[in-house]
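> the following block contains a protein sequence and its predicted model.
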Amino acid sequence: MVTKIRQTAKNSLAAFVYFLYEKGVLHGRIQVHTIDETIDELLHTEKSMVRFGDGEIVMIGGVDLMLQKASAEIADGLKEILSYQHDDLLVTIPGIFDGLSDHHKASRQFWQDHLLFRRKTYETYCNPNRVYYTTFVSRCYYFAKDRTPCGGWFAKIRKIWENRDVVIVEGTRTHNGIGNDLLATAKSIERIICPPSDAYSAISAILEACTAYPKDRLFLLSAGVAAKFLAAELFRQGYRVLDIGNLDMEYEWYVRRTPGKCKLEKHEIAGEEANRQAALADKAYAAYLAQVKVWL
C-alpha cells in the first residue's frame, strides 16, 4: 500500500514538472529538431552525429549502466560532447521538452519520470545557443502512439548510406542488418566487433582499428557509451560517423509490427564461434562472418 502511494505521488509530481516544461515555464533554453528534420539533415549533408539517450544522461550523474561502469572521466567527456561545440557534428538528445502527445502511455510516463530526475543535467550542460537534433531518429518505432510515419522514416534513413562503403562498429551481440534489409542499400559492409561490456576501456584499440580505414568510409556506431567518444574523435580526424545506437532493433520491431518491445534471437548469438555455428544453418551469419575484419 505504501509503495503504491509513493508511486502515485511520484507519477503526479513527474506529470506536474512535465506540465511546466510543456508550457515553456522550465525549458525555454532547450530546443530539439523533429525526427524528419534530423533525418533530412543527415540525408542531405555530410554531417556526423552523436546521440545522447537516457543512459548517457544518467551516466553524467555517475550512475552505472548495464554494460558500462561509470567514472568521472566518462562523465566529464560526456558533458563536453553534450555542450555541442562543432557545427558539423550533430548532437542529439531526447525530443521530450515540447510535448509527448505522440508517445504511447508507457513511453510518456518513462520520459516524464526521466525528466523529473534528470532535468538539471539538461539545463546545466546543454548549449543554450544550439538547437539540438532528436535521439528518436534511431528510436523511432517503439515510442510512437501512431506508427504510420515509421515506414517513411526508415525508408529515408536507409538512403543515408545508399551506395556507400560502410564500416559498422558494434557489440558482439548486435548484428546490425543481419536478418533484415536495413543496410541492404550500402555498397559494401565491413565490421569491427567491440567488447560486449565496458567498451570504453577498449577505446584506443577500437580507434586504431577504425583509423586503418580511408576517410571515404561511412562509420555506423552501435557501441553504447563508448560510441560517443568514438564518434567525436573520428569526426575530429575527418571521418563521417553516425552513432546509430539501437536503430537495428527498432527496425526489427517495425518489420515485425510488434506492439511493444520483444527480444531478438540474434542478440543471443555472441562471439566468433557462436556465429560460425549459426552460419551452418543460416547464410546471413556466414555473410556476417565475412564482413567482420576485427574482433576486439
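Sure thing, it's come through. Numbers count the residues shown, from 1 in each chain.
> so when I look at residue 123, I'm seeing a strand, right?
No: Residue 123 is assigned helix when assessed by DSSP: H, G, I helix; E, B strand; the rest coil, not a strand.
> correct me if wrong: it contacts residue 30.
Yes: with contact defined as CB atoms under 8 Å, residue 123 reaches residue 30; the gap is 7.3 Å. Using the backbone N, CA and C atoms, a C-beta is placed for each residue, glycine as well.
> compare those two (neighbour count), which wins?
Higher neighbour count among residue 123 and residue 30: residue 30, with 21 against 13, using other CB atoms under 10 Å.
> now the helices for the stretch 101-250 of the chain?
For the stretch 101-250 of the chain, helices defined by DSSP state H, counting those that start in this stretch occupy the ranges 105-125, 150-160, 203-210, 226-236, 247-256.
> and those as CSV, adding distance to residue 134?
CSV is the format used below for the helices of the stretch 101-250 of the chain (distance: least, CB to CB, whole Å):
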stretch, distance to residue 134
helix 105-125, 12
helix 150-160, 11
helix 203-210, 26
helix 226-236, 16
helix 247-256, 13
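> select, out of these, the one closest to residue 184.
helix 150-160 (7.5 Å; CB to CB).
> quick one: find the helix or strand in the chain with the lowest mean pLDDT.
helix 2-22 (a mean of 76; mean pLDDT, DSSP states H and E).
> in that one, which residues are buried?
14, 17-18, 21-22 (16 or more other CB atoms under 10 Å).
> so it versus helix 105-125, what angle?
What separates the directions of helix 2-22 and helix 105-125 is an angle of 60 degrees, with axes from the mean of the first three to the mean of the last three CA atoms, to 10 degrees.
> in the stretch 151-296 of the chain, which ranges drop under the pLDDT threshold?
Along the stretch 151-296 of the chain, the model assigns pLDDT under 70 to no residue.
> quick one: the strands in it?
Using DSSP state E, counting those that start in this stretch, the strands of the stretch 151-296 of the chain run over residues 165-171, 188-194, 218-222, 240-243, 292-295.
> now distance to residue 147 too, for those strands, in JSON lines please.
Below are these laid out as JSON lines (distance: least, CB to CB, whole Å):
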{"stretch": "strand 165-171", "distance to residue 147": "25"}
{"stretch": "strand 188-194", "distance to residue 147": "28"}
{"stretch": "strand 218-222", "distance to residue 147": "22"}
{"stretch": "strand 240-243", "distance to residue 147": "23"}
{"stretch": "strand 292-295", "distance to residue 147": "33"}
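> dump those strands to JSON lines, plus mean neighbour count.
Shown next, in JSON lines, are these (neighbours: other CB atoms under 10 Å):
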{"stretch": "strand 165-171", "mean neighbour count": "23"}
{"stretch": "strand 188-194", "mean neighbour count": "21"}
{"stretch": "strand 218-222", "mean neighbour count": "24"}
{"stretch": "strand 240-243", "mean neighbour count": "26"}
{"stretch": "strand 292-295", "mean neighbour count": "15"}
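> for residue 254, find the nearest of these.
Nearest to residue 254, of these and by CB to CB, is strand 218-222 at 16.7 Å.
> if I look at residue 155, how far off is residue 141?
According to CB to CB, to the nearest Å, residue 155 stands 13 Å off from residue 141.
> give me the more crowded residue out of those two.
Taking neighbours as other CB under 10 Å, residue 155 and residue 141 compare with residue 141 leading, 23 against 11.
> and residue 268, how many neighbours?
If we define neighbours as other CB under 10 Å, then residue 268 has 10 of them.
> ignoring the adjacent residues along the chain, who's closest to it?
residue 173 (7.4 Å; CB to CB, 6 or more residues apart in numbering).
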